[in-house]
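**Student:** Kindly return the folded structure for what I paste below:
(one chain, ligands or ions: 2)
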Amino acid sequence: MSQSPVKVAVTGAAGQIGYSLLFRIASGAVFGPDTPVQLRLLEITPALGALEGVVMELDDCAFPTLDSVEIGDDPRHIFDGVNLALLVGARPRTKGMERGDLLEANGAIFTAQGKALNEAAADDVKIGVTGNPANTNALIAMSNAPDIPSSRFSALTRLDHNRALSQLAAKTGAGVADIRKMTIWGNHSATQYPDIFHAEIGGQNAAEVVDDQAWIENDFIPTVAKRGAAIIDARGASSAASAASATIDAARDWVHGTPDGDWVSMAVTSDGSYGIPEGIVYSFPVTCSGGEWSIVQGLDINDFSRSRMDSTAAELIEERDAVRSLGLI
Ligand SMILES: NC(=O)C1=CN([C@@H]2O[C@H](COP(=O)(O)OP(=O)(O)OC[C@H]3O[C@@H](n4cnc5c(N)ncnc54)[C@H](O)[C@@H]3O)[C@@H](O)[C@H]2O)C=CC1
Ligand SMILES: O=C([O-])CC(=O)C(=O)O
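**Tutor:** Residues are numbered from 1 along each chain as shown. Ligands and ions are numbered 1, 2, ... in the order given. The predicted model follows:
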């Protein structure tokens, strides 16, 4: 093992997503086989006993890339010197709830964790927010961490991106690896806009390959946007293994870069690109290189896309105003 260890914090580590996520990070899925990982796991006090059991299992895997594991309930201590913080811990929604219903319950968590990251994290920290409502939780954490550049925060829309790839592959008979340039715009919520007008299948425009606007409007977009609720209905619990997998994909690409000729979807702070109001955490098509993301510029936006991009921005503005009135930002 040639390199010095990377410190990775995971919050909500004893939860469903944590149980899929930790083993993959520990086995090198984010940083590769040559980089030792020090896991720093945050939980609420009553869940620390269960977390000890998860740590026993991590030990029992004997991963060569796992350097050490520390657990605790104090964010300031757990975030000390971390290079990557994956903020998963939050209450999940249950049947009949929208993710936005969690704003107040989960907002307080991200206020405290933003402050603790600001005080304790390493200078190069990257922060990925999975806990819902992910975009606005990232905004809350960012607003409470004034010394960390806002470009170091992102919220997870990679699961939506992966869902869109899988639905498009099923419709066209292509393999997911043949599809490039998928985009999720906006909020990780039912208003998100999965956009195939710039996507390519084997180099051909995906919307032209599909050639079925009714499928795009009535099938593809609602299936992707409401997939989380469909999983809750079927499983009785929200998505976990796929959410962990997307969290890994997002962190890996942010750290190591996106492949040439492709992009990914990440919710990042808007700089006004594509007319999206500045400052909200909005999912864009991005490329990553050298540990930094950049929003893909210059895409032509048709009227169909424009109205959907604006509706999901409007929802994020409402969420921002709601957390502002709660004093969270
Ligand atoms: N962005 C995305 O694509 C997705 C987001 N999610 C969200 O991820 C979050 C976690 O989901 P699950 O793991 O299924 O939930 P879970 O309930 O199984 O686990 C959450 C864990 O967080 C812990 N926790 C609560 N408050 C905490 C705090 N202040 N500090 C540290 N830990 C804390 C709980 O004790 C629990 O162990 C939920 O908000 C869920 O809605 C889930 C799927 C996809
Ligand atoms: O839908 C939920 O509440 C969990 C989630 O974010 C998803 O599966 O996309």
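
**Student:** C-alpha only now, for contacts and for neighbours.
**Tutor:** Noted.

**Student:** What segments of the stretch 51-200 of the chain are helices?
**Tutor:** 75-78, 103-120, 134-143, 158-172 (DSSP state H, counting those that start in this stretch).

**Student:** hmm, the shortest one touching ligand 1?
**Tutor:** It stands for helix 75-78. No: against ligand 1, helix 75-78 shows no contacts by CA under 6 Å from any ligand atom, the least distance being 7.5 Å.

**Student:** before we move on, back to that, just say which of the helices of the stretch 51-200 of the chain is most tucked in.
**Tutor:** Counting by mean count of other CA atoms under 10 Å, helix 134-143 has the highest mean neighbour count of these, with a mean of 29.

**Student:** I figured A122 hits I78, correct?
**Tutor:** No: in this structure A122 lies outside contact range of I78 using CA atoms under 8 Å: 11.8 Å.

**Student:** Ok, which of the helices of the stretch 51-200 of the chain comes nearest P149?
**Tutor:** Taking CA to CA as the measure, the helices of the stretch 51-200 of the chain were each checked against P149, and helix 134-143 came out nearest at 8.2 Å.

**Student:** need the helices of the stretch 51-200 of the chain in TSV with mean pLDDT, can you?
**Tutor:** As requested, these are exported to TSV (pLDDT from 0 to 100):
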stretch	mean pLDDT
helix 75-78	98
helix 103-120	94
helix 134-143	98
helix 158-172	98
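
**Student:** any chance of those helices in TSV, plus distance to A322?
**Tutor:** Formatted as TSV, the helices of the stretch 51-200 of the chain follow (distance: least, CA to CA, whole Å):
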stretch	distance to A322
helix 75-78	25
helix 103-120	8
helix 134-143	10
helix 158-172	24
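
**Student:** Would you mind measuring the gap between the ends of stretch 294-311?
**Tutor:** 23 Å (CA to CA, to the nearest Å).

**Student:** Could I get the buried residue list for that stretch?
**Tutor:** 295, 305, 308-311 (16 or more other CA atoms under 10 Å).
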